[in-house]
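Enquirer: make a model of this:
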Amino acid sequence: MDSQEWIKDMTVRLVTYVETPRTVHKQKRKQRKQKREPWLTRWFGMSGMGISLWLRGFKR
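Expert: Numbering: from 1, shown residues only. Below is the predicted model:
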């Protein structure tokens, strides 16, 4: 990708970002946050969730 294509792509992205209303940006951020899974599952998968359940059993 040469510099002219890169500049053209960046200006198109900038113009679309500026022209969209703020409420649309807020809604997109909220949707991204809602889709996120818990950090324990994200980092360790189901094994991390299993370990946490196992440790909860010891506390009781």
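Enquirer: from here on, contacts and neighbour counts on C-alpha atoms
Expert: Noted.
Enquirer: how about the helices in this protein?
Expert: Chain-ordered helices for the chain, with DSSP state H as the definition, fall at 3-19, 22-35, 39-59.
Enquirer: tabulate the ones you listed (TSV), appending mean pLDDT.
Expert: Rendered in TSV, the data for the helices of the chain read as follows (pLDDT from 0 to 100):
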stretch	mean pLDDT
helix 3-19	90
helix 22-35	78
helix 39-59	79
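Enquirer: in this protein, which residue is most central in space?
Expert: R32 (4.9 Å; Cα atoms, centre = their mean).
Enquirer: distance of it relative to T20?
Expert: 18 Å (Cα to Cα, to the nearest Å).
Enquirer: and P38, backbone torsions?
Expert: Note on P38: backbone dihedrals following degrees, to the nearest 10 are phi -60, psi 150.
Enquirer: kindly provide the distance from it to R32.
Expert: As for P38, its distance to R32 is 13 Å (criterion: Cα to Cα).
Enquirer: same thing with Q4?
Expert: As for Q4, its distance to R32 is 32 Å (criterion: Cα to Cα).
Enquirer: same question, H25
Expert: Following Cα to Cα, the distance that separates H25 from R32 is 11 Å.
Enquirer: with R42 instead?
Expert: When distance is defined by Cα to Cα, R42 is 15 Å away from R32.
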